[in-house]
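K.L.:
Sharing a model that was predicted from the sequence below.
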Amino acid sequence: MQFTFDGEFYKIARITSPTHNFLGISFGDSEDGRVYIEALGESRKKESIFAKDVKEQVLLGINEINSELKSDYKVKKIQFVSSDTPSNSVYMELAKEIVKGKIKRDFLHALKRGTGEAFLLMQKYLLLDFSEEIKQGVLENHAYDGQAESSRAEYLYELIELSNKKEEILKSILYALEHDREDTWDLLQFFELSKMFAKNGSVEAKKAIYQAFLSSPIEGSDWVGYSSILELDGFDGLLFICRAFGKHLHANPNDWQDAFIVEEFQDEHPDLEVWKELEVASKSDRWIKIYLDEIEETKREHEVKKQTKRVRRSFKDKTKITTYSRASILEEIKSSKEPEKFVEMLTEHYAEGDSKLLKELVVSCFDEDEIEKLAIAIIDLYSVLKSREMREPLEVLYNKMNCGIHRYALVKLLMEQNLLSDKIREEIVYDSFMETRRLLRFDTENVEKKRKSDEKNKRK
């Protein structure tokens, strides 16, 4: 079956020779409370499909799936193809599949963004199998900036823990860990997730981590995986890493290594004399010696570079500064290919009602880079203005952006103005960005202050 969403209708098509059926459903409440049905195409068969029969089957299917899942989906509009194969039950089954498909689509969207909605959906719909969606989420790092944002492994592992197909998901992760070398941050996520399994007793995952380290490394990313090994095995893990790099340097003499892994380990274990221990180990282990010698050579080369004088040029910025009126700023926000630049200019020209324009701007944006630019500009704008109108555009951004760092800033801003919705407050407990989870403590204190303030005002 093929499942799609066009922005209004959730659509499903089932083709099994010789039958074929299509169904589209739009969920929600119509203004007059009626369920509208539309026949697409004209039937040329004697046995035509009647709208009332389709509607009856769909509503019956929705009632059954709502009862099964304890959900509350309401049908607003129905689409079907009048020339499809007549059936007494197929539209009831297709309606059920559409609800399941919608829930799974919402789950995957939340997972890619990194919001707690994914966790809450899994908790609510225990009868549904989300394993395929989880695989899509774990086999690619969906953070907007995998380098800047902290690891999502803990968040993803919590979702995996709720699945009844943990072993199947683990196999997918370990296969990717062994074979996928396309993206640094994807690979780092495979290591981190494998580490979570290893810490919870998976011998297979731990073995895979050691085998994958420095195995066909991505250029410039040969370090990926070291932190997982150190977290699992401490100094013994460091010895393994040193040997692995020594062997790698022996096979690739033009490569180089610096001291950051050893220095980081020393900082985290001040009770150990790490360098001395490695020096002792290097006397009987040629691979460790090769690695330590390379670190010393790299240090010497850096010292030489530091002593090299650099000539800096000074220049004047000849960029022409253009002054915009409020009217021209609003026009540019509507028509410019870079509206975020003009959103920033609204700081001095903002008027009540501008939030509607900003909301429409975000709603019409689907490119993740453009969404990120708008998020930065709009969050910065409202951080200065503190307008209570911020809630709607910020909530639309929350439901679209996949940057955990700026989602943290957005949630914090809503909290500071006591505008955080119950839905978002419930979700941030399970957010992929751990700093956002910790905001809940701040929010609880804020809500308590507001409660006391309201009580005080009532007494007056």
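P.N.:
Good, I have the coordinates.

K.L.:
Which helix or strand contains Trp185?
P.N.:
Assessed by DSSP states H and E, Trp185 sits inside helix 184-199.

K.L.:
buried sites along that helix?
P.N.:
Residues 184-198 are the ones in helix 184-199 that count as buried (16 or more other CB atoms under 10 Å). Where C-beta positions appear, they are placed from N, C-alpha and C, glycine not excepted.

K.L.:
ok now that helix, how far from the chain's centre?
P.N.:
In terms of CA atoms, centre = their mean, to the nearest Å, the centre of helix 184-199 is found 16 Å from the chain centre.

K.L.:
Next up, the contacts around Ala95.
P.N.:
Residues in contact with Ala95 (CB atoms under 8 Å, 6 or more residues apart in numbering) are 23, 25, 57-62, 65.

K.L.:
So which of those residues sit within strands?
P.N.:
Per DSSP state E, strands hold the following members of the contacts of Ala95: 23, 25.

K.L.:
Buried ones among the contacts of Ala95?
P.N.:
Burial by neighbour count, 16+ other CB under 10 Å: within the contacts of Ala95 this picks out 23, 25, 57-59, 61-62, 65.

K.L.:
Out of the contacts of Ala95, which is nearest to Asp367?
P.N.:
Checking the contacts of Ala95 against Asp367 by CB to CB gives Ile25 as the nearest, at 27.8 Å.

K.L.:
separation between that closest one and Ile241?
P.N.:
To Ile241, Ile25 is 54 Å away according to CB to CB, to the nearest Å.

K.L.:
just Ala205 next, same as before
P.N.:
Counting by CB to CB, the gap from Ala205 to Ile241 is 18 Å.

K.L.:
on that earlier part again, adding distance to Ala375 as columns, could you present the contacts of Ala95 in a markdown table?
P.N.:
Formatted as a markdown table, the contacts of Ala95 follow (distance: CB to CB, whole Å):
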| residue | distance to Ala375 |
| --- | --- |
| Leu23 | 36 |
| Ile25 | 31 |
| Gln57 | 43 |
| Val58 | 38 |
| Leu59 | 40 |
| Leu60 | 43 |
| Gly61 | 39 |
| Ile62 | 36 |
| Ile65 | 35 |
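
K.L.:
that older thread, looking at the buried residues of helix 184-199, spot the one nearest Tyr175.
P.N.:
For these, the nearest to Tyr175 is Phe190 (9.3 Å; CB to CB).

K.L.:
residues touching that closest one, list them.
P.N.:
Shown in contact with Phe190 (CB under 8 Å, 6+ apart): 173, 176-177, 180, 212.

K.L.:
Recalculate using a threshold of 7 Å.
P.N.:
Shown in contact with Phe190 (CB atoms under 7 Å, 6 or more residues apart in numbering): 173, 176-177, 180.

K.L.:
now swap in Gly41 and tell me
P.N.:
81-83.

K.L.:
What's the PyMOL line that selects buried ones from the residues you listed?
P.N.:
Those of the contacts of Gly41 that count as buried under 16+ other CB under 10 Å are selected in PyMOL with:
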select buried, resi 81+82+83
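
K.L.:
Which of the contacts of Gly41 fall in helices?
P.N.:
Taking DSSP state H, every one of the contacts of Gly41 sits outside helices.

K.L.:
can you tell me which of the buried ones among the contacts of Ala95 are in helices?
P.N.:
Secondary structure of those is defined by DSSP H; positions in helices are 57-59, 61-62, 65.

K.L.:
Pull the residues that contact the one helix or strand Lys207 maps to.
P.N.:
Element membership for Lys207, per DSSP H and E: helix 203-212. The contact list for helix 203-212 (CB under 7 Å, 6+ apart) reads 170, 174, 177-178, 191, 194-195, 197-198, 225, 228-229, 232, 240.

K.L.:
Mind doing that once more with 8 Å?
P.N.:
170, 174, 177-178, 190-191, 194-195, 197-198, 225, 228-229, 232, 240.

K.L.:
Ok, stretch 228-244 next?
P.N.:
Under the contact criterion CB under 8 Å, 6+ apart, stretch 228-244 has outside partners 191-192, 194-195, 198-199, 206, 209-210, 213-214, 226, 261-262, 265, 269, 272, 274, 277-278, 281, 285, 287-288, 291-292.

K.L.:
Are any of the residues you listed buried, and if so which?
P.N.:
Among these, those classed as buried by 16+ other CB under 10 Å are 191-192, 194-195, 198, 206, 209-210, 213-214, 226, 261-262, 265, 274, 278, 281, 285, 287-288, 291-292.

K.L.:
returning to what we had before: wait, which of the buried residues of helix 184-199 is closest to Glu132?
P.N.:
Distances from Glu132 to the buried residues of helix 184-199, taken by CB to CB, are shortest for Leu193, at 16.5 Å.
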